[in-house]
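Participant: Here's a sequence, model it:
(chains A, B and C)
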Amino acid sequence: MTLLSLDRVVKRYWRGYREIVALDEVSLELERGDFVAVWGSSRSGKTTLLRVAAGIEAPDGGSVTFDGQELATLPRKHRARLLLEQIGCVWQAGRITHGLSVLDHVALPRLKHHSHTQARRDATEMLERVGARQCAQAHWYELSDGDRTRVAVAHALVRRPRLLLADEPTANLNMIEREQLVSLLRSVAEDAGVTVLMMAPDAPELLRSHRLMSLDHGRLIKPRSERRGELIDFPARGRGA
Amino acid sequence: MRLRNLLFLYTRRMRTHPLQELLALVGIAVGVALVFAVQVANTSVAGSVEELVRGVTGSATLQVTARGSDGVDAAIVPAIARLPGVRTAAPAIEVRANVRGPRGVRGVTLLGGDRRLVALRGALLAQFASPNLQLHDAIALPRRTADEIGARVGDQVALEIGARTHAAPVATVLTPDQIGTLANNPLVLAPLGYAQRIAGLRGRISRVLVEPLPGAQARVRAELVALAGAYANVGPSDMEARLLRQATAPNNESTALFAAISALVGLLFAFNAMLLTVPERRRFIADLRTEGLGDSTVVRLVLFDALLLGLAASLTGLLLGDQLSRHVFHAAPGYLSFAFTIGGQRIVDRQTIAIALAGGIGATLVAALRPLSDLAARRPLDAVYRTDERDEDRFAAPRRLVAAGVALVVGASAVLLLAPAATVVGIALLVGAMLLLTPRIVAGVLSLLDLLARRAHSAVLLVSLGELRASTTRSLALAATGALAVFGSVAVEGAHLDLQRGLDRAAHQFNAQSGLWVLPAGTENELATVSFDGGQVSRALAATAGVASLRSYRGGFLDIGDRRAWVVAPPAPTIASILPHQLTAGDLATATRRLRAGGWVALSAAIAEEQHLHVGDRVTLPTARPIPLRLAAIVTNFGWTAGAVILTAEDYGRAWGAQDVSALHVAVAPRVTPAALVPALRRALGPGSGLRVETAEQREQRFRASTRQGLSRLTQIATLVLVAAALALAAAMSGVIWSRRPRLATLKLNGFTDADVWRAIVLESGIVLGIGCTIGAVFGLYGQFMLTQWLTRSTGFPTSYAPSGSLALAALAGVTLVAVTIAALPGYLAARVPPTMSFQDD
Amino acid sequence: MLELRDVRKHFTAPDGDSVRAVDGVSLALVPGELVALYGPSGSGKSTLLFLAAGLTRPDAGAVLFDGRDLARLSRRDAARHRLTELGFIFQTFRLVPGLSAIDNAALKLMAAGASRREARRAVLPLLERLGIADRAEHRATQLSVGERQRVAIAGALSNGPRLVLADEPTGSLDSRRAHEVLALLAAIAVERDIGVALVTHDPAAAAVATRAFRLHDGRLEPFAPAPTPAAEDATGGERAGAGARAPLGSPE
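Facilitator: Prediction:
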């Protein structure tokens, strides 16, 4: 059952005096429990792809459909609710909500509909699950990159989302931490049935995903073989920018 | 989201930025306190008189008042009582007096009445309804008066009325439990007969209070006019309160102006303070939106946040303002007590509190709107994250602003020229113009400094300019606050100085003669309005060696319409010394000649306008024995807000039908110093005369002192605004500087020394404040001109205009230096930030 | 030029434990070399940089620059030292927002006494080399993150430091720019005979480094990171395949 589908999505924006095409007719379908990784260089549009998938930005062309509903037709309020309750995001900039402690930041998504004691309990539990329990009372700037990523994942998962979008969560992590993170994501996808779409700069962890694609200057390139689990032969990349 | 969760979120966030929230709170509180204190000061004066009026008149709605200080025949009372429609007619004695006790002397009003007055059930006299509280040849004092002179029940105190002193036993002291806040009023109560005797008014009364039967008001009034209108004033029983309101109007207007400026400054303080927190709030809101928390939740959170802060700040401000009004603004404007019985109580009414509260909360909400504007503009989130540093390069102010500013200046000038009575509006326009033009001026000065920096070797200057340009809104808010504070102080204090100079000159002209003065003692008799029998006294004085001649002066208060005017009636030869500089219409030489000849009168502008009189017209004054007069000239009000009437002492005698004088001037023989003559004159007067002897210099000094005291409120407020401004600015700047430490750390990492960084901080503060305060000073000078014009042409005060350059410089320098100095300390601490802080994330 | 002798530094972690960030590190850096430092995320590597800069004092051991013990310097002298001898490149740099790119880059020289004109003139070639000369007059707030990073780099190098300390300098840059910066640092190290110490995750840095280390348990050990398939070297060639070599050193 398709959870998220992008159909020929186009996204443009202006930088200075030039117009840049961030996404060039990207089409993508994700089903429940999929763990998909997209590889691409910087400035290839990875972050934009995630923002469009989350409904934070509207595409200039094409459509984005989540759970059968086209995001563009939804009123703001509904899109916001989707973001709060069904879609979890792990962004690259990696900050906590301004002014809150780590625990409160993780608890924030639950505050809308639950009491704060309940929310904090959920947050503690989630931090435990991702292996970052000791971060709960720490200051953000004291945390290592690995811990920060784990906290961000907890923050995304605490709302028990159906879709998890992650923007290069493995950047700044060493080998071991990357392993751990990818395992976690994989288990979340397979055990909890969460659809995971992850952007990644490097190859090794991509192999652990179910499917692998690359994004090159806004164009999504799917490998020639769509069969799962096969060792993917990397397509020849275009010349530099 | 649930309310409790909103509160929870708020408390969690508060912990991370407690200092900034505190600064915001303080800024708002200061603004609220200012507005509150000034309001209370205003309402207390009027309020205390109104209270007293109610307390005395009770259920009476009409009164008949004598026009002179010797009252009317008491036979009128039964005549009034017999009128159909009259339920009660209560006679009363009301004269100004001094009461002297072991610890001091106080100016009071002697109020005499009998059971008919008590029957009106006024709060003041309700005690005397019970038979065991009858006073027989004794007086009652309210608690405050008794405390001030140190009198207790059973003591004897000295009552000085006119030229006489009388020893009166104190039968009872009225406490607040019995009469509430009326216990603050300066009064002496006595039974009617006793009061008549000691006031020298046997068989006469000052006033009759009339309570008509229901529905008979108009009829009774008409009957009263028919009965007594020719020689007495018939009017509503709260006439006193109305007269006071009239008298305080200019004072109230100027204080209202001040209150408005204070409110604006308070608003700007609040705005400044909130600005500190705006970047954090914007980021917080952006984070919430990224979460998907929904617009309505965000709006609710922001408003809740602001409301809590506003409420806490306003309440703090009220407490602060309460203290201010108790300790700084507690004295009543002294000069008003010459003519009115003003108590010292502070009256805080609900309206004042409501205005202050609403103002504080309103300001917070307005300032909280800024972060919400991102929401309204549907700005994409990443733009918000980037803009916390970008902060609109809005120094390049649109031409519209400049054009609007210039237009407002022109408008203000037009108001000044064409409608001087509305000058207060003109000042508001001027303030608006100043605020609109500030961005352009600041931008201009920064460009100038930029040129300077081009040749400079100084990295410090460059860094300062860079920081200034970055946070436009904040810099502008700081500059505007400084400008406003300096403007208010320069304009009002400058006008105050002009007024003081004018009053001093008038005082000098009054007392120009050398020699000595003999007049009834008492601080309330500055204007020589209390009269005494001059015959015997004159003979005694004339017989003293060293006295060359005596001259009789007359004077008093006259109620003309809604005004309690001051009547000055000097002997004819001295008219020439009083008139110069005080004429606003008419020719000096002609007016002097005419007044001296007799049959002519000079009126102040307000009275002349109300009566539609021009120079040369016939005038009939509502005196006890109206005589035909013609208007010789229009003059200033000599410092008495309700207006002044000038005529010769001889004419006064005819018009009032009395031979009493209010002052005697003694010219000394040649080769005799006035001071040396004083003891001899005192001996000639005898002990217990109730009159005092003083030299002309002394009298002038006292005159000056009392006008100064009356106007001191203005200086108090001006100073307060400046001090509050400096403090709030320092707080705002410190907050900004402190939050900038990571950036300062980067500079230090690159090798800037502590001293360099500190210099950059101080320079930046100095530049922005210096610009703002200079703008305020320049506009303030024009404001001073406008205000003085208003005082002169609209309210008729004597003024002497001189642009207060030194005052402007002092205010400018004062605010800038004080604020920068105070902010220099946290600046120093911030400059010592460890360079490693630059590695911290925000 | 820079010498760390058996330096130790510990600090207290949030949960109260004492962490030995640097536990007996000795390192000597000579002009012309570029040293790359790898290691697990945590403040150990940054602490090492702080020590090298004289921003913190070691609990034990000594940090010497040209033979002078940095711990003995007064605040003033330390600032002077940073001004004249050091250049910092790091991720959380902050520019003065109201100044243009070139003015920001020129600040350091001006602090050292140059006039604004001279400083701007001196800094322009650096900006050109970093590819942002066309944005020189734009305000800092109008630049992208990558461009700001490069302004900061220009500023750091402007005063001709003898030691450049860089903490994740390529964090905000895309891989092409990142590589340009690394190449620039390497080139400058050789051209101007300066020492560069670089804390990084990027395996590409090892390619340009003279020596590479890893900070493990507070100690330095030689390290050669695995080149990843995504790594793009300066010649723009391609690498295919996922055949990753196992890293040296034992995982935790």
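
Participant: Isn't B:Leu201 up against B:Asp70?
Facilitator: Yes: B:Leu201 lies in contact with B:Asp70 (CB atoms under 8 Å); the separation is 6.8 Å. Placement of C-beta: from N, CA and C, glycine included.

Participant: so how far is A:Leu212 from the closest residue to chain A within chain C?
Facilitator: Distance from chain A to each residue of chain C (CB to the nearest CB) is smallest for C:Asp174, at 2.9 Å. From C:Asp174 across to A:Leu212, the span is 21 Å (CB to CB, to the nearest Å).

Participant: now do B:Pro439
Facilitator: Distance of B:Pro439 to A:Leu212, given as CB to CB: 55 Å.

Participant: Quick check, pLDDT for the residue nearest the centre of chain A.
Facilitator: Among the residues of chain A, the one closest to the centroid is A:Leu165, at 1.7 Å (CA atoms, centre = their mean). pLDDT for A:Leu165: 92.

Participant: what's it in contact with, if anything?
Facilitator: If you count contacts by CB atoms under 8 Å, 6 or more residues apart in numbering or on different chains, A:Leu165 has them with A:Leu50, A:Ala53, A:Ala54, A:Ile87, A:Gly88, A:Cys89, A:Val90, A:Leu197, A:Met198.

Participant: My reading is that it lies in a strand. Confirm?
Facilitator: Yes: under DSSP: H, G, I helix; E, B strand; the rest coil, A:Leu165 falls within a strand.

Participant: For it, give the beta-bridge partners.
Facilitator: Beta-bridge pairing of A:Leu165 under DSSP bridges involves A:Cys89, A:Leu197.

Participant: Looking at C:Asp174 and A:Leu212, which one has more neighbours?
Facilitator: Neighbours were counted for C:Asp174 and for A:Leu212 using other CB atoms under 10 Å in any protein chain shown; A:Leu212 has more, 21 against 14.

Participant: That one pairs with what?
Facilitator: A:Ala37.

Participant: Would you confirm that it contacts A:Phe35?
Facilitator: No: taking contacts as CB under 8 Å, A:Leu212 lies outside contact range of A:Phe35: 10.1 Å.

Participant: quick one: B:Gly555 from B:Val108, how far?
Facilitator: To B:Val108, B:Gly555 is 20 Å away according to CB to CB.

Participant: can you pull out the strands in chain C?
Facilitator: For chain C, the strands defined by DSSP state E cover C:2-12, C:18-29, C:34-38, C:60-65, C:68-69, C:86-90, C:163-167, C:195-199, C:211-216, C:219-222.

Participant: and the third one, what does it pack onto?
Facilitator: It refers to strand C:34-38. helix C:44-53, helix C:175-191, strand C:195-199, helix C:204-208, strand C:211-216 (3 or more CB pairs under 8 Å, 6 or more residues apart in numbering or on different chains; DSSP states H and E).

Participant: and the closest residue to A:Asp167 other than its chain neighbours, what pLDDT?
Facilitator: Computed as CB to CB, 6 or more residues apart in numbering or on different chains, the closest residue to A:Asp167 that is not its neighbour in sequence is A:Gln92, at 4.3 Å. Looking at A:Gln92, its pLDDT reads 72.

Participant: Secondary structure element holding A:Gln92?
Facilitator: Using DSSP states H and E, A:Gln92 is not contained in any helix or strand.

Participant: okay, now it: neighbour count?
Facilitator: Other residues close to A:Gln92 by other CB under 10 Å number 16.

Participant: quick one: it from B:Ala226, how far?
Facilitator: Taking CB to CB, one finds A:Gln92 at 96 Å from B:Ala226.

Participant: B:Ser765 now?
Facilitator: In terms of CB to CB, B:Ser765 sits 74 Å off from B:Ala226.

Participant: Please apply the same query to B:Gly200.
Facilitator: B:Gly200 is 30 Å from B:Ala226, by CB to CB.

Participant: for A:Tyr141, same thing?
Facilitator: Counting by CB to CB - A:Tyr141 and B:Ala226 are separated by 91 Å.

Participant: Secondary structure element for the nearest residue to B:His496 once chain neighbours are set aside, which one?
Facilitator: The shortest distance from B:His496 to any non-neighbouring residue, by CB to CB, 6+ apart, is to B:Leu714 (4.6 Å). Secondary-structure element containing B:Leu714, defined by DSSP H and E: helix B:696-739.

Participant: name the helices or strands packed onto that helix?
Facilitator: Short answer (3+ CB pairs under 8 Å, 6+ apart): helix B:696-739 packs on helix B:18-57, helix B:239-291, helix B:472-510, strand B:516-520, helix B:754-789, helix B:805-831.

Participant: Let me know the pLDDT of residue 100.
Facilitator: Going with chain A. Here the pLDDT value assigned to A:Leu100 is 78.

Participant: I was after chain B.
Facilitator: 89.

Participant: Could you do B:Ala146 as well?
Facilitator: With respect to pLDDT, B:Ala146 scores 91.

Participant: do A:Pro235 as well
Facilitator: 37.

Participant: Same drill for B:Ser765 and B:Ala226, tell me which one is more crowded.
Facilitator: Between B:Ser765 and B:Ala226, counting by other CB under 10 Å, B:Ser765 is the more crowded of the two (27 against 11).

Participant: I'd say that one and B:Ile822 touch.
Facilitator: No: contact status for B:Ser765 versus B:Ile822: not in contact, 9.7 Å apart, counting by CB under 8 Å.

Participant: With adjacent residues omitted, what lies nearest to whichever residue of the stretch 51-200 of chain C sits closest to chain B?
Facilitator: The nearest approach of the stretch 51-200 of chain C to chain B comes at C:Leu83, 2.6 Å away (CB to the nearest CB). Closest residue to C:Leu83 apart from its sequence neighbours, by CB to CB, 6+ apart: B:Gly751 at 2.6 Å.

Participant: Now for the one you found: which residues touch it?
Facilitator: C:Ala79, C:Arg80, C:His81, C:Arg82, C:Leu83, C:Thr84, C:Leu86, C:Lys108, C:Ala111, C:Ala112, C:Asn159.

Participant: The helix or strand of chain C with the lowest mean pLDDT - contacts with which helices or strands?
Facilitator: The weakest-scoring helix or strand in chain C, judged by mean pLDDT, DSSP states H and E, is helix C:204-208 (a mean of 76). Using 3+ CB pairs under 8 Å, 6+ apart, the elements in contact with helix C:204-208 are strand C:34-38, helix C:175-191.

Participant: Isn't B:Thr636 up against B:Phe797?
Facilitator: Yes: using CB under 8 Å as the test, B:Thr636 is close enough to B:Phe797 to be in contact (6.2 Å).

Participant: list residues touching both of those two?
Facilitator: Common contact partners of B:Thr636 and B:Phe797 (CB under 8 Å, 6+ apart): B:Gly502.

Participant: What degree of burial does the residue of the stretch 501-650 of chain B found nearest chain A show, as a neighbour count?
Facilitator: Nearest residue of the stretch 501-650 of chain B to chain A: B:Thr641, at 54.8 Å (CB to the nearest CB). Counted with other CB under 10 Å, the neighbours of B:Thr641 add up to 26.

Participant: same deal with C:Ser74?
Facilitator: With other CB under 10 Å as criterion, C:Ser74 counts 8.

Participant: Give me the distance between it and B:Val302.
Facilitator: 48 Å.

Participant: go on, B:Leu209?
Facilitator: Taking CB to CB, one finds B:Leu209 at 59 Å from B:Val302.

Participant: again, but for B:Gly643
Facilitator: 54 Å.

Participant: More neighbours: these two, which one.
Facilitator: B:Gly643 (29 against 21).

Participant: Tell me who's in contact with the more buried one.
Facilitator: For B:Gly643, the contacting residues are B:Ile560, B:Arg563, B:Ala565, B:Trp566, B:Leu603, B:Ser604, B:Ala605, B:Ala606, B:Ile607, B:Asn637, B:Gly796, by CB under 8 Å, 6+ apart.

Participant: Thank you, goodbye.
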